[in-house]
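Asker: Build me a structure from this.
(8 chains)
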Protein chains: 8
Amino acid sequence: MDTDQLTALLQSFRAGDIDQSAVIQRLRRLPFEKLDFATLDHHRAIRCGCPEVIFCPGKRPEHVTEIAARLTADGQTVLATRADDAQRAAVADRFTNVEIDTIARTLLFNPPPPPTSADHPVGLLCAGTADLPVAAEAAVTLRAMGAPAVRLNDVGVSGLHRLLSQIEILQTVCAVIVVAGMEGALPGVVGGLVDCPVFAVPTSVGYGAALGGLSAMLGMLNSCASNISTVNIDNGFGAAYSAALIHKRLVKPAK
Amino acid sequence: MDTDQLTALLQSFRAGDIDQSAVIQRLRRLPFEKLDFATLDHHRAIRCGCPEVIFCPGKRPEHVTEIAARLTADGQTVLATRADDAQRAAVADRFTNVEIDTIARTLLFNPPPPPTSADHPVGLLCAGTADLPVAAEAAVTLRAMGAPAVRLNDVGVSGLHRLLSQIEILQTVCAVIVVAGMEGALPGVVGGLVDCPVFAVPTSVGYGAALGGLSAMLGMLNSCASNISTVNIDNGFGAAYSAALIHKRLVKPAK
Amino acid sequence: MDTDQLTALLQSFRAGDIDQSAVIQRLRRLPFEKLDFATLDHHRAIRCGCPEVIFCPGKRPEHVTEIAARLTADGQTVLATRADDAQRAAVADRFTNVEIDTIARTLLFNPPPPPTSADHPVGLLCAGTADLPVAAEAAVTLRAMGAPAVRLNDVGVSGLHRLLSQIEILQTVCAVIVVAGMEGALPGVVGGLVDCPVFAVPTSVGYGAALGGLSAMLGMLNSCASNISTVNIDNGFGAAYSAALIHKRLVKPAK
Amino acid sequence: MDTDQLTALLQSFRAGDIDQSAVIQRLRRLPFEKLDFATLDHHRAIRCGCPEVIFCPGKRPEHVTEIAARLTADGQTVLATRADDAQRAAVADRFTNVEIDTIARTLLFNPPPPPTSADHPVGLLCAGTADLPVAAEAAVTLRAMGAPAVRLNDVGVSGLHRLLSQIEILQTVCAVIVVAGMEGALPGVVGGLVDCPVFAVPTSVGYGAALGGLSAMLGMLNSCASNISTVNIDNGFGAAYSAALIHKRLVKPAK
Amino acid sequence: MDTDQLTALLQSFRAGDIDQSAVIQRLRRLPFEKLDFATLDHHRAIRCGCPEVIFCPGKRPEHVTEIAARLTADGQTVLATRADDAQRAAVADRFTNVEIDTIARTLLFNPPPPPTSADHPVGLLCAGTADLPVAAEAAVTLRAMGAPAVRLNDVGVSGLHRLLSQIEILQTVCAVIVVAGMEGALPGVVGGLVDCPVFAVPTSVGYGAALGGLSAMLGMLNSCASNISTVNIDNGFGAAYSAALIHKRLVKPAK
Amino acid sequence: MDTDQLTALLQSFRAGDIDQSAVIQRLRRLPFEKLDFATLDHHRAIRCGCPEVIFCPGKRPEHVTEIAARLTADGQTVLATRADDAQRAAVADRFTNVEIDTIARTLLFNPPPPPTSADHPVGLLCAGTADLPVAAEAAVTLRAMGAPAVRLNDVGVSGLHRLLSQIEILQTVCAVIVVAGMEGALPGVVGGLVDCPVFAVPTSVGYGAALGGLSAMLGMLNSCASNISTVNIDNGFGAAYSAALIHKRLVKPAK
Amino acid sequence: MDTDQLTALLQSFRAGDIDQSAVIQRLRRLPFEKLDFATLDHHRAIRCGCPEVIFCPGKRPEHVTEIAARLTADGQTVLATRADDAQRAAVADRFTNVEIDTIARTLLFNPPPPPTSADHPVGLLCAGTADLPVAAEAAVTLRAMGAPAVRLNDVGVSGLHRLLSQIEILQTVCAVIVVAGMEGALPGVVGGLVDCPVFAVPTSVGYGAALGGLSAMLGMLNSCASNISTVNIDNGFGAAYSAALIHKRLVKPAK
Amino acid sequence: MDTDQLTALLQSFRAGDIDQSAVIQRLRRLPFEKLDFATLDHHRAIRCGCPEVIFCPGKRPEHVTEIAARLTADGQTVLATRADDAQRAAVADRFTNVEIDTIARTLLFNPPPPPTSADHPVGLLCAGTADLPVAAEAAVTLRAMGAPAVRLNDVGVSGLHRLLSQIEILQTVCAVIVVAGMEGALPGVVGGLVDCPVFAVPTSVGYGAALGGLSAMLGMLNSCASNISTVNIDNGFGAAYSAALIHKRLVKPAK
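Answerer: Alright, predicted model coming up:
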């Protein structure tokens, strides 16, 4: 039932062509009938301020550009993740207002201006240099959602002093993203040093018993710190998305 | 090096007994020497407003009461989780100002007054009746940390109308905890309906291919919704702890 | 929004108190608002003819009897599965029109009369005697849903002649349930002999590398026969439920 | 023992050359002796109306064309699945009456005419665009077996309204195939909305904890809906085969 | 079709009531019809000389005695494995000619006389004392099947000299059973020392990373010795059964 | 200690240069000292009649030819397995008396004459055409060790009649090798039909839940037939080696 | 061949009864013949100074006392691990010079005097109170082998200051044992702080995704610190044994 | 806080600008403030004598040369592991004093002179030729750290005599590294023959149930020898690093 049909129904009712119980009977089934959901979705996107996101794997380059063209038609910020070389090339050919990050493998269409305030920043920690691409995906996501970031790289647990020397910075953030592979121990250490949620991102960095990131993921899920939650392996986007939602609410609380 | 030693060092320096470079040399090693950390920890506890937490498994009943007595000496709120029958009985014998929840298996010493404001509530959803004990642990944790909760029980995905009928309530919360066993599908559905972080708690409810909660946990980690992060199986406490930290920051933002 | 609210809204509209666009705006959000879903559910239960089902594990005996009392109030058939000794005893104390099966661990309240026709029977095969409780759960489920069954027990693949001698019977059924533990090979053999869907039920029978039924489950999922689908370990109920839906549609086709 | 030998045996018996007990003794061993099984198979194929199926992986292109040529000699419909580029090219070179689907990776030789009736259609749902190749394999299988399909694409659980808006269509089908990767939550949602068997197809779509489709598969096997059964990862063919057998029986019930 | 039916069919044929092609048509379907299989099985048991075997788990004590009574009615040797205390007690009450082994948890009804010749013995090695119950099950199985055994206990790889000192004995056997838990290394060592098949039996002895015997099992399956094959965890019976079949063929070669 | 040293020691003893206890002391340590093991190995190879075997993976082509040249210097039969294209080419360049099998990926240097007798053949069964390379490796191994083979291809469980029609042949063999992927059900079926050891070879054929052959392997290890033992995935060589050892002992029994 | 046989052989040789090549032939086979290994073992035990160890699980109480009585007959130190209540009670009844530790579940017969020097101590760290039993087993093992220990308890990574305050002590040790459950992160942190081998002991402490200690074990095996090696779950004994061997060599270097 | 800030603070204190309690308050927080850690690290490197290590995977060739250039600026020995072809080529182009090992995939910059003493050598055993690259990595690591090595190759358990003939050599070492794939049995055998720590290195050599080295790793973790600890799959570096630390302490004991 779309808006036209609904209008017709109400007019029939006011005109007395159908009685009230028939209208109620009809409307009762509405929850599972077809409405103008695009509008609803549009509302929701505007309300939450989050960009549309395109997950690139499995899509052909022309598919990515087509989707991006449609979503960005009205100048909206759109983020594409996991873009491969061909997809990035296709986008570079067709779009101008796009930031392409080859480390993060992201495309940021109609990038927003940088945050005007550094209030409530999100911490973004990275255990080793091999984890940097995942951290970069998180960084671009924060940028796409307007959240300022405080980054610390190469602060893994086997050289603890690098982390400890930065502890004051850590205590200003509203959420922390911790990206780590191998044994995945960093989030537990960080969790004991801050009083905000820690979003742990296991990476597929490692070999052998790293099991493609499963060991790091299991380690994070078992952390004895109280404030850790975990996302999928290499999912820098997801952790940043959740962290940015916290930032957004603090700078402009929901109703 | 404790405060006395530090005082003596500084006095020697001011007195000219040792020169500045010696003091610097000595102080440079401080990061790895013994300080009065209890004080530091005390500061941190006061600052973040989180109760101390006792994880009961593996502790003898008298051990639990002893720890609780020490931690509650100054009237601080203390939460104990996973308390078994004997531990609960021992606590009931010795303490008066304690709330004992046999479903949640929690002990809440010196419980705080209820939240005076319902602002920024935390959503707490539970897929099935068998998941209720885990949800109860989360509920007590929220209560211990002063966060108001909005609860929806028995809203699993195979009867979706129960969830959809409550959607307006969901849109007021600052974070959602979703407790679900079996296929762990509920967080992904909820994630698409709200614009705040969703903390997914897999439960060990199920049999056979449920693998003691691993299947639910894997499902949640793979959710295609962007705002989901996951805690350990049956860890209602951890999800609530992270969610309450978000609430706390919204009602009294960090510096 | 319940019926009363909807009535009030429509009356306000007819009375001209609110204009049409406001009503449409309000109704557009209906899909996610509260309706009188119980009615809807009631309709659905009557339409599909399936009994309500209670999954007993984790429920206290008095909990089971209470739920059963409510659901059976109007004489409807209700099936409870995985009932333990205490739950069965509590039900035996309070209910009269109930069939209690200690092997299947089921409770069948207000059992329906036996099927009047043997048309479109469901095959129910069981590989070994240790698999019988799971097969029994399937049998009671078929009975609860009014589907006639053809049962073959102890027809495992290491004694193939027992199965082959019954092949004519197998070719009359509209669906086959195959219950097997250990290597889970029987469904693949049966699948090659019939031209209807085969619902494979792995059981937790076995030891060591049986991995509590996982090996049987994996075997069934890998079957090279084309017509096999698989349910959870020991889930005789689920396989029978699907099979009975096929039977039901054949004896009284859906619109 | 072939037909000639059997004829000879019976003639010897009628001629009195051997006595009855010798014949019985000989015949009793027949179940494990060589008969003219090709005939039997032929009968079965005709009876059940299912096309022959070629599983292409591991076969050389000329092997595929050779098998296809033999099987299609009498104009029978033959379906080949998982055909790679070389296999598809070899078939395109040699056959004319064949439909080649590069998305589904299928070859359909001597395709049947479209179904003349839309009665008892099979539902075919797909959670995300990356799952489309698996859904396409299912669609071609339904077509090969003469079953009309109702398709819904991109109806994953994180955007539930897209599914709910189509619910009336879902309630007309005789079976549903649900193709989903990642957390595999869609079948459980669909299962609660329909009253027919749901065949869940996990896909290998996803990364990290998706474990190549295992997480989706485990989620589906643990579904709390009663009417779900599951096939192997990416096995769109198998789900469609089972669903089409239900359709076939409804339009022309078995004896 | 049983013997009576077959007799009738043949008589009809000889009497000319039905013609030859009808008989052939009927007989051609025999492979999948019901014959007097018990007889066939009986023949097979006599031919191969193997005892009937009862796998006790999941059977009630009276069930075990009943089956045993039936199978032993004609004095045949029958072996029951994995008998628990109650099952052993029930058997001790009712049977006289039975050997009950509480370590092996076996019941041997109508035990055969000891082998009259020590030719072609089977080697039975056991890595540690905790593996002895599994080795005992193997020993009883060899005894039940009339195969002489050469046993070496406590010859694990961390004390290699104990094994090496017995190497001459090992070189007389026709097959070796190697029972080992923990790392499961013994079969590979033994495999390099003998020129006959080695049947490796992983046991559930161990803890932690032993994974209930899976680690031992995986180790054995990966052995770099050429002559190792493996049975299920704790399956002393299966290894002994295969080994005894080799012995049997050597002392009385098959046709 | 080599032969020269031993000779010198004995001569010193006979000459009275050292006393008997010193010799004993010296000799007692012999088990762990260096002897002329090559000779010993040579003896063993001659005694057991098995060819040397080269496992090719990870070896450079010139490495393979070098090893082969050394081992075949005295005309001995040598088998190389898992040879890739480059290794096969290098061997073809340098050797003349070698059989190269591209399906089995084997090299058989100095192949023995075919068996002069068909007594005690080894059965070699293969479930599907995709399993043929593994079966081919087994076949070449049997040939290398002089064991006659009876082969049945494409006798998988979903078309059981193909197997059953060959059952008389199966009953003549001294051991059976069963090669099967996917659900791995064939060995259990065969095990119930023969009275000799069955060596089950899981293959990596399949996809998704086949887990690279692990599901087939687990199925075989859980077989309810008594006479099954299992080798590593795709290890046709190992199964054939064990089976050939049984054949060898039957045609020329060990002392 | 025992000493008597060897003596006879040498005498025959000296007497000229057999020639030298026969002696060599006979002696060449010695490595695999029976020597007086008990003596050899005795030598080894004395040389390495390690106590005999009894692994108690699966042994009956009287079995443990019997073995202990034999091994301690000459006053040697003997360590028994994993002793349960009944085993400890049986030992307490019969032995006097034994230290029984109910937390560590150890029995230390004829305990050695405490180390006279604190040189080259072994560090023994424990992450949480629930890990203490495993640490206690390690402590008793160190004591049994005469190695002085430096213990730090409750120094898990979520409260890092507790560990860092002790860092000077850590830098005096010759090896560190780190006992930790849950995420197993502590060894990696410690590894970065010391310059000696770290033996990591995962414990079965935790729940859900802890997988009985597997997650901690995997974390430790993936540690990015260079000096970590890992033992089995809960194997405090093994880690201490290796660490004590390092201590022993430092205080009295091997030849 | 760096040195300048600390100097300023002390001067303010001595000048009386701030009082003692303020200094103490400031210094108390030092453990978590920024110090001149580079210096500290430099001290540590000099003290322990271990080279810096570069883990190459995931680094671009120019990245590797850049890091190496910086670390080797003062002539320090630097070891790079897992260098691929491009990385090795880039290094060969730019550096002269570097040893490049294509088997071990290592780069050793400024290699130290060979050990002047063979005291306290490290044993390095390798089970099969395919394990050689991992053993080579261990060998280069030992060389980089100045530890003499005793190597035994191709001493796997299926040819035990090769190992046993070398046993005297084994008894001189201060630690043993055992590299083995497939069933991983060698460390357990070696562990029983030596009285020093054994560092077990599982390799990814094998196929099928080898699970990429997991089976070997699990076998080693379950070893029944007391002196085994295990490192990650293929981690020859880690095992050698720990072993070399033992050597270093023996030749120049720590304070």
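Asker: alpha carbons only for contacts and neighbour counts from here, please
Answerer: OK.
Asker: Does anything pack onto the helix or strand containing A:V140? Which helices or strands?
Answerer: If you go by DSSP states H and E, A:V140 is part of helix A:132-144. Under the contact definition 3 or more Cα pairs under 8 Å, 6 or more residues apart in numbering or on different chains; DSSP states H and E, helix A:132-144 sits against strand A:78-81, strand A:106-109, strand A:122-126, strand A:149-153, helix A:236-251.
Asker: got JSON lines for these, with mean pLDDT, distance to H:I67 and mean neighbour count too?
Answerer: Below are these laid out as JSON lines (pLDDT from 0 to 100; distance: least, Cα to Cα, whole Å; neighbours: other Cα atoms under 10 Å in any protein chain shown):
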{"stretch": "strand A:78-81", "mean pLDDT": "95", "distance to H:I67": "30", "mean neighbour count": "23"}
{"stretch": "strand A:106-109", "mean pLDDT": "97", "distance to H:I67": "27", "mean neighbour count": "26"}
{"stretch": "strand A:122-126", "mean pLDDT": "96", "distance to H:I67": "19", "mean neighbour count": "27"}
{"stretch": "strand A:149-153", "mean pLDDT": "93", "distance to H:I67": "16", "mean neighbour count": "19"}
{"stretch": "helix A:236-251", "mean pLDDT": "96", "distance to H:I67": "27", "mean neighbour count": "26"}
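Asker: Out of those, the one nearest chain G is which?
Answerer: Minimum separation from chain G across the helices and strands packed on helix A:132-144 (Cα to the nearest Cα) falls at strand A:122-126, 13.7 Å.
Asker: Tell me which of the helices and strands packed on helix A:132-144 sits nearest to C:T77.
Answerer: Minimum separation from C:T77 across those (Cα to Cα) falls at helix A:236-251, 46.1 Å.
Asker: which residues touch the helix holding A:V140?
Answerer: Residues outside helix A:132-144 that contact it (Cα atoms under 8 Å, 6 or more residues apart in numbering or on different chains): A:51, A:77-79, A:81, A:103-106, A:108, A:111-112, A:114, A:124-126, A:148-149, A:153, A:179, A:203, A:234-241, A:244.
Asker: now do stretch A:80-96
Answerer: Residues outside stretch A:80-96 that contact it (Cα under 8 Å, 6+ apart) are A:53-57, A:60-62, A:64-65, A:98, A:100, A:104-108, A:137, A:237.
Asker: Enumerate every residue touching A:D234.
Answerer: By Cα under 8 Å, 6+ apart, the contact set of A:D234 is A:V134, A:V201, A:P202, A:T203, A:S204, D:G208.
Asker: Which ones among the residues you listed lie within strands?
Answerer: Among the contacts of A:D234, DSSP state E puts A:V201, A:P202 in strands.
Asker: Only the buried subset of the contacts of A:D234, as a ChimeraX command please.
Answerer: Those of those that count as buried under 16 or more other Cα atoms under 10 Å in any protein chain shown are selected in ChimeraX with:
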select /A:134,201,202,203,204 /D:208
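Asker: Out of the contacts of A:D234, which is nearest to C:A185?
Answerer: Nearest to C:A185 out of those is D:G208 (Cα to Cα; 31.0 Å).
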